[in-house]
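>>> here is a sequence together with a model predicted from it:
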Amino acid sequence: MHTNVEQEQIERRVFEEFVCHANIQALAIENRRDPEPDIHCILSDGGAYFELMRIADEDAEAEATLATGPSSGFVCFDLWAAVPKKVGKKIAKAAAGKYAISGDSLHLLLYYDTDSTRDPVEEFVRRIPRLDAALAQTPFSRIWIFERSYGIVGVIHARPFRVFKDANYPQRGFRAWALTSARTRWQGKRRAQGEAWENRLK
């Protein structure tokens, strides 16, 4: 369990990695504490708050930490198992107006180290039914999905509800194409192809 100071250091480090990958020019970055979201940053066009959430199978991690010796066996991780409950809490808190954001935009930044087994954007959207309706009741502008070992994997816009994903995300056993629905038809592009993720803040 991290102390407040240690947690803030982790959050700032993750956020600095995120803005670097996103090519976002943050003029200032500050840790904040409840009731404010975790990070406040100043952009060229104003302030923005980011609530950070680590995607992790904490039960499996604890089991792996406790397991010792050759007979301990294999611990199976499912990064996404706890996501619906944890994200649901963030959405409920935002819908209840419990984040102090003073009129600045609010974003949810989901981050994880790596997941070599599945498409993270589709996994996230699949596990949270009626995400569009839930986000519509909150001040969240975007949900960002960020793999620290790679970069930004996808962005979910709240209003209008649209799902974007990086079609160049490494093909690790899945086909990383754009989600297609009546509301969105888009194939993500990386910055090298001329698409700056910074535009998704606007």
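Arrived safely. Fair warning: this is a prediction, and the values are worked out from it, not measured in the lab.
>>> nearest the middle, which residue of this protein would you pick?
Leu110 (2.0 Å; Cα atoms, centre = their mean).
>>> so that residue makes contact with Met53?
Yes. Contact criterion Cβ atoms under 8 Å: Leu110 and Met53 qualify, at 5.3 Å. To be clear about C-beta, it is placed using only N, CA and C from the backbone, and glycine gets the same treatment.
>>> hmm, who's touching the strand or helix carrying Leu106?
Assigned by DSSP states H and E, Leu106 belongs to strand 105-112. Strand 105-112 is contacted by residues 14-15, 18, 37, 39, 46-56, 79, 83, 87, 90, 94, 99, 120, 124, 138-148, 201 when judged by Cβ atoms under 8 Å, 6 or more residues apart in numbering.
>>> can you say which of those are buried?
The neighbour-count test (16 or more other Cβ atoms under 10 Å) applied to the contacts of strand 105-112 identifies 14-15, 18, 37, 39, 47-56, 79, 83, 87, 90, 94, 99, 120, 124, 138-147, 201 as buried.
>>> returning to that earlier point: partner strands of the strand holding Leu106, with direction?
If you go by DSSP bridges, strand 105-112 pairs up with strand 46-54 (parallel), strand 140-147 (parallel).
>>> switch those strands over to TSV; also include distance to Asn168 and mean pLDDT.
Converted to TSV, those look like this (distance: least, Cβ to Cβ, whole Å; pLDDT from 0 to 100):
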stretch	distance to Asn168	mean pLDDT
strand 46-54	24	95
strand 140-147	13	94
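>>> so Ile42 is in which element?
strand 39-43.
>>> sorry, back to before: name whatever forms a beta bridge with the residue nearest to the centre of the chain.
Met53, Ile145.
>>> so it versus His2, what's the distance?
Plainly put, Leu110 is 18 Å away from His2 if you go by Cβ to Cβ, to the nearest Å.
>>> so how far is the longest helix belonging to the chain from its chain's centroid?
Assignment by DSSP state H gives helix 4-22 as the longest helix of the chain. For helix 4-22, the gap between its own C-alpha mean and the chain's C-alpha mean amounts to 12 Å (Cα atoms, centre = their mean, to the nearest Å).
>>> for that helix, which positions count as buried?
So helix 4-22, judged by 16+ other Cβ under 10 Å, has buried residues 8, 11-12, 14-15, 18-19, 21-22.
>>> tell me the mean pLDDT over it?
Averaging pLDDT along helix 4-22 gives 93.
>>> other residues contacting it?
2, 24-26, 29, 31, 33, 38-39, 41, 50, 52, 109, 111, 144, 146, 148, 151-152, 197-198.
>>> filter those residues to the buried ones?
Buried, going by 16+ other Cβ under 10 Å: 24, 26, 31, 38-39, 41, 50, 52, 109, 111, 144, 146, 151-152, 197, out of these.
>>> helix or strand right after the helix-or-strand element of the chain with minimal mean pLDDT?
None of the helices or strands of the chain scores lower by mean pLDDT, DSSP states H and E than helix 58-66, at a mean of 49. Using DSSP H and E, the helix or strand that follows helix 58-66 in sequence is helix 83-95.
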